[in-house]
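Trainee: just need the structure, nothing else, for what follows:
(3 chains)
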Amino acid sequence: MTGPTLPLRVAPPIMFGSRRALRLIERNLYVYRHGWIVIVSGFFEPLFYLLSIGFGLGALVGNVPGPGGASIPYQLFVAPALLASSSMNGAITEATFNFFFKLRYQKTFDAILSTPLSVADIALGEMGWGLIRGALYTVGFIGVMVVLGIGVSPWLLLTVPAALLISFGFGAVGMAATSFMRTWQDFDLIQLIILPMFLFSGTFYPVETYPDGLRFIVQLTPLYQGVDLLRSLAVGVVGPEAIFHVAYLLVMGFAGLFVVSRRLDRLLLK
Amino acid sequence: MTDRPPMSDSALIRARGLTKRFGAFTAVDAVDFEVAKGESFGFLGPNGAGKTSTMRMIGCVSPISGGTLTVLDQDPTTQGPSIRSRIGVVPQQDSLDTELTVRENLVLYGRYFGLSRAECGRRADELLEFAQLTERQNDEVEPLSGGMKRRLTIARALINEPDLLLLDEPTTGLDPQARHLLWDRLYRLKQRGVTLVLTTHYMDEAEQLCDRLVVMDKAKIVAEGSPRQLIDRYSTKEVTELRFPAGVQESLDGQLDGLADRIERLADRVLLYADDGEAVAVAAHERGLQPETVLVRRSTLEDVFLRLTGRSLIE
Amino acid sequence: MAGLTYVLEHRAVQYRRTFRSSVFTSFLSPLLFLTAMGIGLGGYVDRSGGAALGGLTYLQFLAPGLLAATVMQSAAFEATFPIIGGLNWQRTFHAMYATPLSPRDIALGNLVWTALRLAMISSVFTLVVIAFGAAHSPLVVVGIPIAVLTGMSFAAPISAFSATQRTPNRFNVIFRFGITPLFLFSGTFFPIESLPSFIQPIAWLSPLWHGVDLTRGLVLGTFSQNPGLMLAHIVVLIAITIVGTWATVVTVERRLIRG
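Mentor: Predicted coordinates for the structure are as follows:
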């Protein structure tokens, strides 16, 4: 029986990385040479939200209490939260819909598996590609924030790795979830989790609005970690809870990666 | 299985008691076979006989459930990536990357094998020529015809200059022109010394391409040999086909007995297996039988195949 | 026209299998948006910026706009993936065309189905709005056909476009540069008067703005303040829908005949 040896085959590249995973990133670069507009368009979505919600609606809202309780303009309040949400959404879209399509329909991975690449290389490569895209969007968005004069704290530089951490956490868990999906219908479940999280994790208004019990629950959601982390960096009021946020997202990412490498083996190596 | 070649050092694939189970279902049941270097080896069998499962195990993308398997002197369980770097795979369904152009499909696939970009480009140009796709190299994959996609898939499988090429039903669904072109390309590969392993359920394809083949049925190997050997062993030299007017065939009881070595009645005609088909036709005529048409032909692999795997539809 | 009803029946049978996801898009999603934006964020809006909303609470302002915007999004979805699926993936439209059904039956059947779906979605949404106490006038019920009309002014032209596509690549562009900006800048979340004045004429080009303004006028009962404008909204939406429907029949027919 070969069952027990399979994890051994997977574990080393997951832990130490394999250069072959880079080939998958190269593939995606080729693909997007044709579809660059899709890449560019991903940058505009959070920008549109920032202009509409931050400025259009922000004019009606005025100031709100920010990290540490000081009153801050609504644009500054909502911009980092939109960045966190778009990091989450970008990672989830890539790791669920697109990944499922490649896994089940396009058979891209089946062809790749008849080369020396392993399942772990595929998982790592897809993940890496998602992070590269995420980094591009993040830098672009922060550039816009600076140009519009929202958030000028030196901590702002740290939002780039922090946003990548959000992409990593959600991307890995998203891929793990996708490996359990059987039909497109199952994706409703993902939406069922993502949309409420997007709307209620302190993205658009302070979590202090909620009663204590509810607020505590909200503060445990993964998106809240990202929102609060980015917001404190953008405003420049960074407390010890930032360490908790970082640890939370790291654990999430590695747990997801662990599950996905086990599951993909079973799905692809039938 | 008297004529199995002795265990030789030159064998590229060795399987002993090779088994694949999916839960309670056994797809491949303890099969033994060997493929020698430079040989063209075929798996013949109806759908569901276990051909594809066997191919996937050889391709190191499907863990074996029992027995032993050696590919290129290595163990697929632990040395998958190393084996895969030396084989080419043409899967049953084209798995081309539809988001890339024809040429990019070749180049990128080469990159997966760790080849340099320049080397990939050089080989891609050669293979485009080989697959007669040079003019379409910058087109998308989707609008290509079935034959072109198949040739591209084969070209892609050759990008790493494999020692062993696995082809799962290479010509299923293609028109006659496309099939013949493909056979021609595969024949050239064989002449270059590439070892071919293919599955098919087309008898003419097996006769065209295979030096040696095994017939699989219900997860087991039921016969093995060269096409000629199999015909000699499981059929007669010739077959006489008699077709009677509607209603007559049912009333023939006993009248055909002893005419041939073996007689098979189909819904629409009667097949008489004998070494001299002409003599059978004459004898039938002398018995006063009046078939509408008489056809005397040489036995084919199809006769062997149907004898071994039965005529009823297997789903 | 009998052919059209067979197409409807086909879509309805398909729909039974995707019912669960429609519960989500048509009921849960607007409910969550209304709660988060209308009540959660609305609390902050009402404290500082109520005046710009003509004395309405933010929830009352948001609800009708969100109705039109939700219907638009559903319409855009129904007009893209099912169309390209029927023509390219599952090829069900080709299968239908192999029967006595005409391309016109197939094109119109799908659009009528979309209209029915939109009617379901806006009815459910309206019930949610009433439950939230954000309805101010019995005219709220008239908001349903208006929302459907708004949705069809998107579904019809987008269907025509989808029938010319063989891959979904350009849908991304429609959603990212069409549907999402319209959702955000057509007066759904804030009055377009808050936009810089040079941008406002662009909002007038958006069918969604016509729909949002009309729906808001009806649902909030402010319809009678400017009946001429309201009539103009209706004319614009009907005109787009008719042209789009005609274009869909043409493009679907062309694709089916070419194979």
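Trainee: the residue positioned nearest the centre of chain A and chain B: what is the separation?
Mentor: Centroid-nearest residue in chain A, with C-alpha atoms, centre = their mean: residue A:167, separated by 2.4 Å. Distance of residue A:167 to chain B, computed by C-beta to the nearest C-beta, to the nearest Å: 22 Å. From N, CA and C alone the C-beta is placed, and that goes for glycine too.
Trainee: pretty sure that residue sits against residue A:89.
Mentor: No - contact criterion C-beta atoms under 8 Å: residue A:167 and residue A:89 do not qualify, at 9.9 Å.
Trainee: tally of neighbours for residue B:257?
Mentor: Neighbours of residue B:257 under the rule other C-beta atoms under 10 Å in any protein chain shown: 10.
Trainee: any regions of the chain where pLDDT drops low?
Mentor: All of this is about chain A. Applying pLDDT under 70 to chain A picks out residues A:1-18.
Trainee: chain C, not that one
Mentor: C:1, C:20-21, C:25, C:49-50, C:259.
Trainee: what does the stretch 201-315 of chain B give?
Mentor: B:311-315.
Trainee: 90 - rerun?
Mentor: For the stretch 201-315 of chain B, the stretches flagged by pLDDT under 90 are B:201-208, B:228, B:235, B:244-271, B:284-292, B:299-315.
Trainee: ranges for the helices of it?
Mentor: B:203-209, B:227-234, B:277-286, B:301-309 (DSSP state H, counting those that start in this stretch).
Trainee: ok, the stretch 1-150 of chain A next?
Mentor: A:5-16, A:21-34, A:36-49, A:58-61, A:74-93, A:99-100, A:108-113, A:119-147.
Trainee: kindly report the same for chain C.
Mentor: C:2-17, C:19-23, C:29-33, C:42-48, C:58-78, C:81-84, C:92-97, C:103-131, C:143-162, C:169-174, C:180-185, C:200-205, C:207-219, C:227-258 (DSSP state H).
Trainee: let me know which of these is the nearest to residue B:88.
Mentor: helix C:169-174 (30.6 Å; C-beta to C-beta).
Trainee: name the residues of that closest one that come out as buried.
Mentor: The neighbour-count check on helix C:169-174 (16 or more other C-beta atoms under 10 Å in any protein chain shown) flags C:170-171, C:174 as buried.
Trainee: a markdown table please, covering the residues you listed and showing distance to chain A.
Mentor: Putting the buried residues of helix C:169-174 into a markdown table (distance: C-beta to the nearest C-beta, whole Å) gives the following:
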| residue | distance to chain A |
| --- | --- |
| C:170 | 9 |
| C:171 | 10 |
| C:174 | 10 |
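Trainee: nearest to chain B among these?
Mentor: Lowest distance from chain B to those (C-beta to the nearest C-beta) belongs to residue C:170, with 14.3 Å.
Trainee: for the closest one, give its distance to residue C:176.
Mentor: As judged by C-beta to C-beta, to the nearest Å, residue C:170 and residue C:176 stand 10 Å apart.
Trainee: before we move on, back to that, and of the helices of chain C, who's closest to residue B:132?
Mentor: Closest among these, using C-beta to C-beta: helix C:227-258, at 26.9 Å.
Trainee: so for that closest one, what gets flagged as buried?
Mentor: Quick answer for helix C:227-258 (16+ other C-beta under 10 Å): C:230, C:233, C:236-237, C:240-241, C:244-245, C:247-253, C:255-256.
Trainee: mind checking how far whatever residue of the stretch 101-250 of chain C ends up closest to chain A is from residue C:202?
Mentor: Using C-beta to the nearest C-beta, residue C:184 is the residue of the stretch 101-250 of chain C that sits closest to chain A, at 3.5 Å. Plainly put, residue C:184 is 13 Å away from residue C:202 if you go by C-beta to C-beta.
Trainee: what residues are shared contacts of those two?
Mentor: Common contacts of residue C:184 and residue C:202 (C-beta atoms under 8 Å, 6 or more residues apart in numbering or on different chains): none found.
Trainee: residues of the stretch 1-150 of chain B that sit close to chain A?
Mentor: B:22, B:56, B:59, B:61-66, B:77-78, B:80-82, B:84-85, B:87, B:89, B:91, B:93, B:95-101, B:104, B:108-109, B:111-114 (C-beta under 8 Å from any C-beta of the partner chain).
Trainee: make a PyMOL selection of the buried ones in those residues.
Mentor: Per 16+ other C-beta under 10 Å, the buried members of the residues of the stretch 1-150 of chain B next to chain A correspond to this PyMOL selection:
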select buried, chain B and resi 56+59+61+62+63+64+65+66+77+80+81+84+85+87+89+91+95+96+97+98+99+100+101+104+108+109+111+112+113
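Trainee: isn't the residue of the stretch 101-250 of chain C closest to chain A up against residue A:48?
Mentor: Yes - the criterion here is C-beta under 8 Å, and residue C:184 meets it with residue A:48 at 5.3 Å.
Trainee: which residues of the stretch 151-300 of chain B fall in strands?
Mentor: Ranges of strands within the stretch 151-300 of chain B are B:164-168, B:195-200, B:212-217, B:220-225, B:238-243, B:262-265, B:270-274, B:293-298, based on DSSP state E, counting those that start in this stretch.
Trainee: and chain A, which of the ones you listed is closest to it?
Mentor: Among those, if distance is taken as C-beta to the nearest C-beta, the winner is strand B:164-168, at 8.3 Å.
Trainee: using CSV, list the CA coordinates for that closest one.
Mentor: Extracted C-alpha coordinates of strand B:164-168, given in CSV (Å, rounded to 0.1, in the frame of the first residue of the first chain):
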residue,chain,number,x,y,z
LEU,B,164,8.9,6.5,-23.5
LEU,B,165,5.7,7.9,-24.9
LEU,B,166,2.3,7.0,-23.4
LEU,B,167,-0.7,7.5,-25.7
ASP,B,168,-4.2,6.9,-24.4
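Trainee: for it, name the packing helices and strands.
Mentor: Under the contact criterion of 3 or more C-beta pairs under 8 Å, 6 or more residues apart in numbering or on different chains; DSSP states H and E, strand B:164-168 touches helix B:51-58, strand B:87-90, helix B:146-157, strand B:195-200.
Trainee: looking at these, which is closest to chain C?
Mentor: Nearest of those (C-beta to the nearest C-beta): helix B:146-157, 15.3 Å.
Trainee: for the closest one, buried residues please.
Mentor: In helix B:146-157, counting by 16+ other C-beta under 10 Å, buried: B:147-157.
Trainee: then it to PDB, C-alphas only?
Mentor: C-alpha atoms of helix B:146-157 as PDB (Å, rounded to 0.1, in the frame of the first residue of the first chain):
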ATOM      1  CA  GLY B 146      -9.700  17.900 -33.400                       C
ATOM      2  CA  GLY B 147      -6.800  16.500 -35.400                       C
ATOM      3  CA  MET B 148      -4.700  19.600 -34.900                       C
ATOM      4  CA  LYS B 149      -5.300  19.600 -31.100                       C
ATOM      5  CA  ARG B 150      -4.400  15.900 -31.000                       C
ATOM      6  CA  ARG B 151      -1.100  16.600 -32.900                       C
ATOM      7  CA  LEU B 152      -0.400  19.500 -30.600                       C
ATOM      8  CA  THR B 153      -0.900  17.300 -27.600                       C
ATOM      9  CA  ILE B 154       1.500  14.700 -29.100                       C
ATOM     10  CA  ALA B 155       4.000  17.400 -29.900                       C
ATOM     11  CA  ARG B 156       3.700  18.700 -26.300                       C
ATOM     12  CA  ALA B 157       4.400  15.200 -25.000                       C
END
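Trainee: check contacts around residue 145.
Mentor: Since you didn't name a chain, this refers to chain A. Per C-beta under 8 Å, 6+ apart, neighbours of residue A:145: A:50, A:79, A:151, A:156, A:234.
Trainee: I was after chain B.
Mentor: Counted by C-beta under 8 Å, 6+ apart, residue B:145 has contacts residue B:178.
Trainee: what's the answer for residue C:209, then?
Mentor: C:186-187, C:192, C:203.
Trainee: quick check: which element contains the residue nearest to residue A:88 when sequence neighbours are not counted?
Mentor: Once flanking residues are discounted, residue A:88 sits nearest to residue A:170: 4.8 Å by C-beta to C-beta, 6 or more residues apart in numbering or on different chains. Element membership of residue A:170 [criterion: DSSP states H and E] is helix A:159-178.
Trainee: I am finished for the moment; much appreciated.
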